[in-house]
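J.: take this sequence and fold it.
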Amino acid sequence: MAEPFALEVASRCPGCGGEVGPGLLACPSCHRLVHADELGRLAAQAESAESEGRLLDARTHWRAAHDLLPPAVRQSQVVADRIASLNRRLETQPGGDPGETKKPAWAVALGPLGVVLLFALTKGKLLLLGLTKAGTLLSMLAAFGVYWTIWGWPFALGLVASIYVHEMGHVAALRRYGIAASAPMFLPGFGAYVRMKQRPADPVEDARVGLAGPIWGLFTALFCLGLSLVLESPLWAALARTGAWINLFNLLPVAGLDGSRGFAALSAAQRLGVTFVIAAAWGVTRDGLLLLIGAAALFRALVGAREEPADTRTFLEFSVLVASLSALTLIPVATGAP
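T.: Purely as a prediction, here's the structure:
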């Protein structure tokens, strides 16, 4: 049975008695935090969990508290710093990061192919989980129908799968950081998206989530490339090249795309470094998309860049993604292939 529709109404501030509109996190008159009591409870639970070594539980409590704080208040930054500290501890302690596992010997022996196969095996369960969501499956079928009418069903199926894996990369990163989000939803003709239900604690965390999509997309393109070489299939070559181009486009540092989220965690010097990598990639590939990405990157480096945060990992990931995806756009595709 559906729950009856509930209309949110304004409440009264217990501090000054002023009216507090629905959805506000602080009283507009006296600036008292609306959820002060709940914030105190969550902070106590987080401190207790952290003292007991339950770092994931502590991060969950701090993230819940972060959602109840207005972004502009000092307490929001304090809580964000606690979340960032817990993220670092979880990533460095043995077995702390659910997304990191030790590579088995067979994967190391196979080199790049082993990395791709290991990626497919370890992430297969998560990929299947996404397909159990009705909204994801129905919107995926709608997108498949649109692409089928343009390129035929084999290419359409591979393209939809490639986009899906990209989005599940975001989902995996969100799960790793304990950020609630929706399942992927497709917009036929425009791609897909994942809607976050909680805001990231800081630009570095947001950059990790943003670049996870292109990273998974890179592995997908490499997988398609491997199949094209083994099967001598122009279809798989076309999927590898198209997937690489789509993920490269997502690195455009403009609002709404993954590249913008990555750039938010880079200093001005690092942004200039990425711009140099983009220019070098264009010198090799002569792909016009790189001129657009490079122009946007240079603009972001010169206008509005902050010296902090300056995240080295994000800089390296962004640079490697640009170089690798640009190289994959050089894959030769037989005439007549999509």
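
J.: tell me which stretches of this structure form strands.
T.: In the chain, the strands defined using DSSP state E lie at 11-12, 19-20, 185-187, 191-193.

J.: quick one: list the elements packing against the third one.
T.: Looking back up the chat, that one is strand 185-187. If contacts are counted by 3 or more CB pairs under 8 Å, 6 or more residues apart in numbering; DSSP states H and E, strand 185-187 sits against helix 134-151, strand 191-193. (Each C-beta comes from the backbone N, C-alpha and C, glycine too.)

J.: same thing but 10 Å
T.: Of the remaining helices and strands, those touching strand 185-187 by 3 or more CB pairs under 10 Å, 6 or more residues apart in numbering; DSSP states H and E are helix 134-151, helix 153-176, strand 191-193.

J.: between those, which one is nearest to Gln75?
T.: Each of these was checked against Gln75 via CB to CB, and the shortest separation belongs to helix 153-176, namely 23.8 Å.

J.: helix 134-151 and the closest one, what's the angle between them?
T.: 150 degrees (axes from the mean of the first three to the mean of the last three CA atoms, to 10 degrees).

J.: tell me the buried residues in helix 153-176?
T.: Neighbour-count burial for helix 153-176 flags 155-156, 158-176 (criterion: 16 or more other CB atoms under 10 Å).

J.: residues in contact with stretch 35-43?
T.: The set of residues that contact stretch 35-43 without belonging to it, under CB atoms under 10 Å, 6 or more residues apart in numbering, is 14-15, 25-26, 33, 60-69, 75, 78-79, 82.

J.: so how far is stretch 212-227 off the chain centroid?
T.: Here stretch 212-227 shows a centroid-to-chain-centroid distance of 15 Å under the convention CA atoms, centre = their mean, to the nearest Å.

J.: try stretch 290-307
T.: Taking CA atoms, centre = their mean, one finds stretch 290-307 lying 20 Å from the centre of the chain it belongs to.

J.: okay, and the helix or strand of this protein with the least pLDDT?
T.: Counting by mean pLDDT, DSSP states H and E, the weakest-scoring helix or strand in the chain turns out to be helix 105-110, with a mean of 51.

J.: low pLDDT regions in the stretch 1-150 of the chain?
T.: Low-confidence segments of the stretch 1-150 of the chain, defined by pLDDT under 70, span residues 1-15, 17-23, 27, 93-130.

J.: re the thing from before, ok, which of the helices and strands packed on strand 185-187 comes nearest Gly210?
T.: When those are compared for distance to Gly210 using CB to CB, the nearest one is helix 153-176, at 7.6 Å.

J.: avg pLDDT for the closest one?
T.: Here helix 153-176 scores 93 as its mean pLDDT.

J.: ditto for stretch 255-271
T.: Averaging pLDDT along stretch 255-271 yields 93.

J.: what about that stretch, start to end distance?
T.: Using CA to CA, to the nearest Å, the end-to-end distance of stretch 255-271 comes out at 16 Å.

J.: can you list the buried residues in it?
T.: With burial defined by 16+ other CB under 10 Å, the residues of stretch 255-271 counted as buried are 257-268, 270-271.

J.: what's the spacing between the closest residue to Asn247 other than its chain neighbours and Leu33?
T.: In this structure, Asn247 finds its nearest non-sequential neighbour in Gly217, 3.6 Å apart by CB to CB, 6 or more residues apart in numbering. Distance from Gly217 to Leu33, counting by CB to CB, to the nearest Å: 41 Å.
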